[in-house]
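1. Output the structure for:
(chains A and B)
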Amino acid sequence: MGYTITEKILRAHAGKKSIKPGDFIDAKIDFCLGNDITAPIAIEEFNKSGAKKVFDKSRIALIPDHFTPAKDMRSANNAKLLEKFSEKYSIEHYYEVGKMGVEHALLPELGLVLPGNLVIGADSHTCTYGALGCFSTGVGSTDLAAAFIKGECWFKVPETIKFVYRGKLKKWVGGKDLILHTIGDIGVDGALYKAMEFSGEVIKALPMDDRFAMCNMAIEAGAKNGIIEPDHTTIRYVKQAIKKNNPKRKNFKIYKSDKDATYAAIKEYDVSKIEPQVSVPHLPSNAKPVNKLKNINIDQVVIGSCTNGRISDLEVAAKIIKGNKVKHGTRLIVIPATQAVYLEALRKGYAKIFIEAGGVFSTPSCGPCLGGHLGILAEGERCLATTNRNFVGRMGHPKSEVYLASPAVAAASAIKGRITHPKEVV
Amino acid sequence: MRYKGRAHKFGNDINTDDIIPAKYLNIKEPRELAKHCLEHADKNFAKKVKKGDMIVGGKNFGCGSSREHAPLAIKGLGISCVIAESFARIFARNAINIGLPIFDSKEAVESIKQNDALEVDSAKGIIRNISKKKEYKTEAYPPFLAKIIKKGGLINYVKR
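-> Numbers count the residues shown, from 1 in each chain, chains lettered A, B, ... in the order given. Okay, the predicted model is just below:
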């Protein structure tokens, strides 16, 4: 009997000859991370445990990205805890404001998470790195504290659902639309406790940024991880990241699913029928084709986050917005995910395009995605965002609304002041 | 272990933003977090809860972010355990890791009404509805997880 890529990576890190879905394992981790929301509790647990040192100072990242640059004193104190802990234990991957980026964009960019790795993060969107062909999953703060001590984490081996995408993508349809459509199909608990393996000719042709967006939102279907088998696109991305940033760990391993691997289910999609998607309040699974949403005025557009704050996201938005103005009565907030994305957006003139159109261009932060800062919604306001969650009150007032979509739909909607198909403005 | 208290009913897909909105995530103390527990769903929830009470949710309880603040807020409020039809996975592992007992039972969730008096016998895997004089089965923890709980949480487990 064969194994899926997820099972192979877990088996290798648990040091077992064989595993099967449902098994509980203790597995060695290659890398772990925490942020200014989750790491303070992990640090407290670590300190309470009486541990004297961390398992490996080169395999921990502490990234203050959620409420930073600090939005208030409490947040400043929490960010300070990360800095002090990093200093005390010589943590090699602590990223202060100025070097910091949204964690799930930053770590792949720096070449710190690699194909075949087992990665945990005290943040639910840690599943993003599965786009590199690693097993990567969100855990809690206590899990992170335990990882600091032992370099291990417990897992229940998940079953895998295979998603196969075939056909030709329509113009303006990309990774974000595919994942919103998929979550719309299976529901917010459609992959509960399971691995989502994305495959097929459409995935093979997708750029890395789109693959990151897909794996990023696996959690929104309840999944443990999202994963894509590495191919030449992955390897090219990883080699460039390693060359540019020279991380300590440069070796990686390519795993692929066996032909006779067992899947809990196989779902097939003909993508040529999929329109740009918008998930309406208040669940990511409420996905609808954008052309079905008429006359929905919006007060704010947010382009950014660990889902869609990468350079190709800003590029598609800038190209649509170029020469246009943001509609009076609508705010456009663009937040590049990392300093490198920020610099490239400056160099390529995207920042200027957003600002000249009447938008703002912010320093990297998770910011408004989770209702932190930099664009909180008032009572009754409506926002279209390239982020990942549209729960009640997610971006501010409990009576505000969030619609989820791709950067292309977001840019077109900013120009019109209502939810808009990109083809209307291009 | 036995837990006793009244039921507070919630629906499906109660997410961690419902349990503790992100604006409070710069707080770490469970008792402070508890004051805002589930305030999006019920503004006065924290005031209604008596020590030992139970939350009864529907499907996919605790979906969304990995914030451990969510089970900490629930525990800080004095809730003895959470019963749901199913739990989102990060919430479930966080609850186990910090010692907040959780039990899944579709049958119990369908039958229990707001304010029903409940008793849970975790060793036997039985949920009793005292108000309705009914009993429901719940799964006992698998041995691996029972070991973590017996050790008093994950940190003690890894210190083994």
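2. Now do the strands in chain B.
-> All strands of chain B, identified by DSSP state E, fall at B:2-9, B:54-56, B:81-84, B:102-104, B:117-121, B:126-129, B:134-137.
3. angle of the first one against strand B:117-121?
-> In other words, strand B:2-9. With axes from the mean of the first three to the mean of the last three Cα atoms, to 10 degrees applied, the angle from strand B:2-9 to strand B:117-121 works out at 140 degrees.
4. got the strands of chain B as TSV, with mean neighbour count columns?
-> (Each C-beta comes from the backbone N, C-alpha and C, glycine too.) What follows is the strands of chain B, written out as TSV (neighbours: other Cβ atoms under 10 Å in any protein chain shown):
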stretch	mean neighbour count
strand B:2-9	18
strand B:54-56	26
strand B:81-84	26
strand B:102-104	21
strand B:117-121	19
strand B:126-129	20
strand B:134-137	16
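5. Name the residues of chain B found near chain A, please.
-> B:13, B:15, B:17-18, B:21-23, B:25-28, B:40, B:59-60, B:63-69, B:72, B:86, B:88-90, B:93-94, B:97-98, B:142, B:144-145, B:148, B:153-155, B:157-159 (Cβ under 8 Å from any Cβ of the partner chain).
6. follow-up on the earlier one: quick check: which of the strands of chain B is nearest to A:Ser279?
-> Nearest to A:Ser279 among the strands of chain B is strand B:81-84 (23.8 Å), distances taken as Cβ to Cβ.
7. Go ahead and name everything in contact with that closest one.
-> With Cβ atoms under 8 Å, 6 or more residues apart in numbering or on different chains as the test, strand B:81-84 has contacts from B:3, B:7, B:54-59, B:61, B:74, B:95, B:100-105, B:108-109, B:112, B:118, B:120, B:122, B:127, B:138.
8. ok now it, how far from the chain's centre?
-> Distance of strand B:81-84 from the chain centroid (Cα atoms, centre = their mean, to the nearest Å) equals 4 Å.
9. Please apply the same query to stretch A:73-80.
-> Using Cα atoms, centre = their mean, the offset of stretch A:73-80 from its chain centre is 24 Å.
10. Which strands or helices does the lowest-mean-pLDDT helix or strand in chain B pack on?
-> Between all helices and strands in chain B, the lowest mean by mean pLDDT, DSSP states H and E belongs to helix B:143-150, at a mean of 86. Packing partners of helix B:143-150 (3 or more Cβ pairs under 8 Å, 6 or more residues apart in numbering or on different chains; DSSP states H and E): helix B:89-98, helix B:154-158.
11. Next, format those helices as TSV and append mean neighbour count and mean pLDDT.
-> Output for those, formatted as TSV (neighbours: other Cβ atoms under 10 Å in any protein chain shown; pLDDT from 0 to 100):
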stretch	mean neighbour count	mean pLDDT
helix B:89-98	26	95
helix B:154-158	21	88
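12. Is it possible to get JSON lines of those helices that adds distance to A:His282?
-> What follows is the helices and strands packed on helix B:143-150, written out as JSON lines (distance: least, Cβ to Cβ, whole Å):
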{"stretch": "helix B:89-98", "distance to A:His282": "18"}
{"stretch": "helix B:154-158", "distance to A:His282": "32"}
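13. give the contact list for residue 9.
-> By default, I'm working from chain A. A:Ile9 neighbours (Cβ under 8 Å, 6+ apart): A:116-118, A:134-135, A:255.
14. right idea, wrong chain: chain B
-> Going by Cβ under 8 Å, 6+ apart, B:Lys9 touches B:56, B:112-114.
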